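Asker: dropping a prediction and its sequence here:
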Amino acid sequence: MSGLKTVLSDPSYKVRKASAQVVITLGSRDYLKLEGGQSHIEFIIRQCAIPKDEEERYNKTAKKDAEAVSPKELRSMCDNILSMLTTTIPCMEDVRAPAIPIWLPRETR
């Protein structure tokens, strides 16, 4: 699990999409409850929170190709992954419940 942490900080949307796909696979096999699993959940949550202005910057500067991944596409995919992780994988309650206060903004704690 710790070997994957470096990939989670890659700025490429294509790499982030592949990382998100790995996270859902790890979750479906109960690996996210192991040490380091929370950082993978946090990665998914951060992708769900990609700001809209990042989409605008992407649209202005990105070179369009058939395999390009936009911030909007990544955000939508991670929204779906988070939903699947929280509704279909029983061990996820053990992973996410202790960390929820860490991920909440200070104003809501």
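Answerer: Nice, thanks for sending it over. Residues are numbered from 1 along each chain as shown.
Asker: lowest average confidence, helix or strand, in this protein?
Answerer: Sorting the helices and strands of the chain by mean pLDDT, DSSP states H and E puts helix 100-103 at the bottom, at a mean of 53.
Asker: so which elements touch the longest helix seen in the chain?
Answerer: Taking DSSP state H as the criterion, the chain has its longest helix at helix 71-88. Applying 3 or more Cβ pairs under 8 Å, 6 or more residues apart in numbering; DSSP states H and E, we find helix 71-88 packed against helix 13-28, helix 37-48, helix 52-61, helix 92-96. C-beta: built from backbone N, CA, C; applies to glycine.
Asker: residues contacting it, please?
Answerer: 13, 16-17, 20, 23-24, 27, 32, 41, 44-45, 47-50, 54-55, 58, 92, 96 (Cβ atoms under 8 Å, 6 or more residues apart in numbering).
Asker: just the buried residues of that helix, please?
Answerer: Neighbour-count burial for helix 71-88 flags 71, 74-75, 77-78, 81-82, 85 (criterion: 16 or more other Cβ atoms under 10 Å).
Asker: thinking again about what came up before, closest to residue 67 out of the helices and strands packed on helix 71-88?
Answerer: Taking Cβ to Cβ, helix 13-28 is the member of those nearest to residue 67, at 6.7 Å.
Asker: which residue is nearest the middle of the protein?
Answerer: residue 44 (1.6 Å; Cα atoms, centre = their mean).
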